[in-house]
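A.B. asks: Here is my input, please return the structure:
(chains A, B and C)
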Amino acid sequence: MVKTSFYEDVYDVARQIPQGHVTSYGAIARFLGTGGSARMVGWAMNQAHGKDVPAHRVVNSKGLLTGKHHFGNNNQMQQLLEKEGISVIKDQIQNFNQVFWDPMLELGL
DNA sequence: TTTCTGACTCGAA
DNA sequence: CTTCGAGCCAGAA
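C.D. replies: Residues are numbered from 1 along each chain as shown, chains lettered A, B, ... in the order given. Got it, this is the predicted structure:
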């Protein structure tokens, strides 16, 4: 795997998130080896607009839709997630541990 | 080079 | 419940 920029690594992982599943910024950050630079992942997602990156499948460690405000409408992120079979109530993903997808388990296997 | 910022995370009060 | 501080790091100006 050719390492280019931090962003491409983030996008690459995000694109591999299965439909109906989500992961956290921190999980991606740890997988990339950047450790606690979860902020960078979120920042990368900010630029993910216009790319094939399902940013709506990336939430914070609590399963909260912290970045929903960047999807345009306040409820677009939730709509997308529910469309994939994920229940979201008040920005909180239900059954979070059941829909959580850890890149370490799939890509780092 | 320095400074600032951020869709984070954890712990503490 | 809320608020705060500190750690963390890539990129832009």
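A.B. asks: residues touching A:Gly71, list them.
C.D. replies: For the record, residue A:71 is Phe, not Gly. When contacts are counted by C-beta atoms under 8 Å, 6 or more residues apart in numbering, A:Phe71 touches A:Ala55, A:His56, A:Met77, A:Leu80. Every C-beta, even on glycine, is put in place using the N, C-alpha and C of the backbone.
A.B. asks: For chain A, which segments count as helices?
C.D. replies: A:6-15, A:25-32, A:38-46, A:76-83, A:96-99, A:103-106 (DSSP state H).
A.B. asks: which parts of chain A sit against DNA strand C?
C.D. replies: A:Ser5, A:Phe6, A:Tyr7, A:Thr34, A:Gly35, A:Gly36, A:Ser37, A:Ala38, A:Arg39, A:Met40, A:Trp43 (C-beta under 7 Å from any atom of the strand).
A.B. asks: Redo the contacts of A:Phe71 as TSV? Include distance to A:Gln19 and pLDDT.
C.D. replies: Shown next, in TSV, are the contacts of A:Phe71 (distance: C-beta to C-beta, whole Å; pLDDT from 0 to 100):
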residue	distance to A:Gln19	pLDDT
A:Ala55	14	94
A:His56	11	94
A:Met77	15	93
A:Leu80	10	94
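A.B. asks: would you turn the residues you listed into TSV with neighbour count and distance to A:Val13?
C.D. replies: Shown next, in TSV, are those (neighbours: other C-beta atoms under 10 Å; distance: C-beta to C-beta, whole Å):
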residue	neighbour count	distance to A:Val13
A:Ala55	23	12
A:His56	24	15
A:Met77	24	18
A:Leu80	17	18
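A.B. asks: Which members of those residues additionally contact DNA strand B?
C.D. replies: Okay, of these touching DNA strand B (C-beta under 7 Å from any atom of the strand), that's A:Ala55, A:His56, A:Met77.
A.B. asks: Could you single out the nearest of these to A:Gln92?
C.D. replies: Nearest to A:Gln92, judged by C-beta to C-beta, of the ones next to DNA strand B among the contacts of A:Phe71 is A:Met77 at 12.3 Å.
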